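Asker: coords below, sequence missing:
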């Protein structure tokens, strides 16, 4: 795994302690990250988003609550990785941050949330708790064993964000965004590891002591020392876990999310909507506004109905209807959709990314895009600002995008702001495993990737993408993922107003570029940076005249705008700072791309012609 992020804005905050919390993104990549959801727990295996998987002694039990999912550790025993060498890339050496969301049901004299434990039981580091408060234990080369004991008592049955930080000299313990205790100068030197050790999640590392009796939601390990501003920001990002209450159940049936479309093909379409109460899921549809046919699915609050047996290149009308147990009924107005086109038929699609918490801008862009009658919407991630918050979906994204996605299907990928939350998987209906997938449309083949996860050589997505690109016979090959391999941004990959060094893009995502070069990918669409950028064709990390993929950042869907740096990198062709949307038009060997600002004014256009065979 390539470690990167050293010069990102968020890393600058980590290293320098800047006070501003106005972060555009979530910061550097952890070297290891486990999110405890039904997507990551597969029987006895806890799949890591980054780093090594962990093994449970028995099948994991997922707990659902008002804010998402967690792993119920009570009686299950801790999760442990395979043994790691002292020089493992997944173990911090001198500087360290360990961050976790944990709920404790039963106090212990010595308890563990996350720890690096040798085979003889010795501890290199442990974020834990005792019968009163949270603790941080370290073994360092110059000070030996050190423990930081928190000052704030924890309450059983409550969620806490706990962070342990070590910078080579000082050990700090944070609870719910605030510094709770520190040991200045008591801990010095490198962290001391044995020849072999495991990372233990939900256990102290002492087999004679009981594992965590409670719940574990997320654990992240960094090889950087966090400052107060970063810790506070991380806590604020998910404060709802400790402050929000369950919504009271409504007695009246109402529409929470209006109908929207997913995964349109030549023969099928998925219609989804959400109601305040569980009820029937019925879609009436047909080739006239009488909607004389119907399809249904199981009762639900988030309704998902797949319509099959449709004709290609055909306009259909549809409306939805839900009835609950008390015979209350609610429905939608009649709308339309069209099935996918056959090979050889021209089509066009819209691209909008990073809509985040700005339904006003999103709605304006969606309206402009719909006026151009695209066949579908491609969304390169960050649909919302905080994926774990229901209201960010029901009050931000869906109201903003409704004019467009009620008429055309949306094909999204996960951004970092989705937080891999269960909300994303409940609201989206995509081919398994949903965080990556593919689809065909006309003469194009689309490959949708989750760059929040491992994407380096040997990873699941890398191997899948290599194989699927090799098998593709489509005239056009397009890839979509959130993080940009190439970017001219001023400070996300190195502050170019303070130094002349920048990674010029996401290095983890850039590992995929070798596949794009190898298999002749035409365009790669990204978000994450809240501005617009189109590169020259790039191949072998060099700008070329042709026969290389063009990389496009289209992150102007609503997030706070960002700015390119003061110097022009080799790959840069066109940059533009505005909220925007993009239209791509495909006609045989011709691809036309046009980009429009918030006032619907054209600011960039490019035509790519494929050589005749």
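Answerer: Looks like it came in fine. Small disclaimer: the values here were computed from a predicted structure and weren't measured. Numbering: from 1, shown residues only.
Asker: for the stretch 201-350 of the chain, just list every one of the strands.
Answerer: Ranges of strands in the stretch 201-350 of the chain, per DSSP state E, counting those that start in this stretch, are 214-222, 255-262, 269-286, 293-307, 315-323, 329-331, 335-338, 347-351.
Asker: mean pLDDT lowest for which of those strands?
Answerer: With a mean of 89, strand 329-331 has the lowest mean pLDDT of the strands of the stretch 201-350 of the chain.
Asker: and the strands of the stretch 201-350 of the chain: which comes nearest residue 402?
Answerer: For the strands of the stretch 201-350 of the chain, proximity to residue 402 was assessed by C-beta to C-beta; strand 255-262 is nearest, at 5.4 Å. (Glycine included, C-beta is placed from N, CA and C.)
Asker: and that closest one, what does it pack onto?
Answerer: Applying 3 or more C-beta pairs under 8 Å, 6 or more residues apart in numbering; DSSP states H and E, one finds that strand 255-262 contacts strand 269-286, strand 315-323, helix 398-405, strand 410-412.
Asker: switch the cut-off to 6 Å
Answerer: strand 269-286, helix 398-405 (3 or more C-beta pairs under 6 Å, 6 or more residues apart in numbering; DSSP states H and E).
Asker: the ones you listed into TSV, with extra columns for distance to residue 469?
Answerer: As requested, the helices and strands packed on strand 255-262 are exported to TSV (distance: least, C-beta to C-beta, whole Å):
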stretch	distance to residue 469
strand 269-286	26
helix 398-405	28
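Asker: which residues of the stretch 1-150 of the chain fall in helices?
Answerer: Secondary structure of the stretch 1-150 of the chain (DSSP state H, counting those that start in this stretch): helices located at 9-16.
Asker: who are the contact partners of residue 604?
Answerer: By C-beta atoms under 6 Å, 6 or more residues apart in numbering, the contact set of residue 604 is 574, 595.
Asker: tell me which element it falls in.
Answerer: Element membership of residue 604 [criterion: DSSP states H and E] is strand 602-609.
Asker: strands paired with that strand, and their directions?
Answerer: strand 590-597 (antiparallel) (DSSP bridges).
Asker: picking up where we left off before, any chance of the strands of the stretch 201-350 of the chain in a markdown table, with distance to residue 436 too?
Answerer: Below are the strands of the stretch 201-350 of the chain laid out as a markdown table (distance: least, C-beta to C-beta, whole Å):
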| stretch | distance to residue 436 |
| --- | --- |
| strand 214-222 | 21 |
| strand 255-262 | 16 |
| strand 269-286 | 18 |
| strand 293-307 | 20 |
| strand 315-323 | 29 |
| strand 329-331 | 35 |
| strand 335-338 | 25 |
| strand 347-351 | 18 |
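Asker: which one of the helices and strands packed on strand 255-262 lies closest to residue 389?
Answerer: The closest of these to residue 389 is helix 398-405. By C-beta to C-beta, the value is 13.1 Å.
Asker: name the helices or strands packed onto that closest one?
Answerer: Checking 3+ C-beta pairs under 6 Å, 6+ apart, helix 398-405 ends up next to strand 255-262, helix 359-371.
Asker: what sits up against the last one?
Answerer: If you take C-beta under 6 Å, 6+ apart as the criterion, helix 359-371 is touched by 350, 352, 355, 396, 399-401, 403-404, 558, 579, 581, 600.
Asker: at 8 Å what do you get?
Answerer: Helix 359-371 has contacts (C-beta atoms under 8 Å, 6 or more residues apart in numbering) with 350, 352, 355, 377, 395-397, 399-405, 407-408, 557-558, 579-581, 583, 596, 598, 600.
Asker: mark which of the residues you listed are buried, thanks.
Answerer: Buried subset of the contacts of helix 359-371 (neighbour count, 16 or more other C-beta atoms under 10 Å): 350, 352, 355, 377, 395-397, 399-405, 407-408, 557-558, 579-581, 583, 596.
Asker: just give the number of residues close to residue 224.
Answerer: 23 (other C-beta atoms under 10 Å).
Asker: hmm, it is touching residue 95, no?
Answerer: Yes - at 5.5 Å, residue 224 counts as touching residue 95 under the criterion of C-beta atoms under 8 Å.
Asker: any weak-confidence spans in the stretch 51-200 of the chain?
Answerer: Counting by pLDDT under 70, the stretch 51-200 of the chain has low-confidence residues at 75-76, 185-187.
Asker: ranges for the strands of it?
Answerer: Counting by DSSP E, counting those that start in this stretch, the strands of the stretch 51-200 of the chain are 54-55, 61-65, 68-72, 79-81, 84-85, 96-104, 111-118, 123-129, 134-140, 144-149, 159-166, 171-175, 178-183, 196-201.
Asker: for residue 300, find the nearest of the ones you listed.
Answerer: Using C-beta to C-beta, the nearest of these to residue 300 is strand 61-65, at 14.8 Å.
Asker: got the confidence number for the nearest residue to residue 312 once chain neighbours are set aside?
Answerer: Distances taken as C-beta to C-beta, 6 or more residues apart in numbering place residue 266 nearest to residue 312, at 3.9 Å, with adjacent residues excluded. We have a pLDDT of 98 for residue 266.
Asker: so who does residue 266 touch?
Answerer: 310, 312-313, 339-342.
Asker: return the member of these nearest to residue 88.
Answerer: Nearest member of these to residue 88, counting by C-beta to C-beta, is residue 340, at 46.4 Å.
Asker: pretty sure that closest one is touching residue 312, no?
Answerer: Yes - between residue 340 and residue 312 a contact is recorded at 6.4 Å, counting by C-beta under 8 Å.
Asker: the two: which has the busier surroundings?
Answerer: residue 340 (23 against 14).
Asker: ok, now how distant is the more buried one from residue 56?
Answerer: To residue 56, residue 340 is 42 Å away according to C-beta to C-beta, to the nearest Å.
Asker: same check on residue 79?
Answerer: 5 Å.
Asker: joint contacts of these two?
Answerer: With C-beta under 8 Å, 6+ apart, residue 79 and residue 56 have common neighbours residue 46.
Asker: ok, these two, which is more surrounded?
Answerer: residue 79 (30 against 22).
Asker: what separation do you get for the more buried one and residue 122?
Answerer: From residue 79 over to residue 122 (counting by C-beta to C-beta), the distance is 20 Å.
Asker: kindly report the same for residue 217.
Answerer: Taken as C-beta to C-beta, the span from residue 217 to residue 122 is 28 Å.
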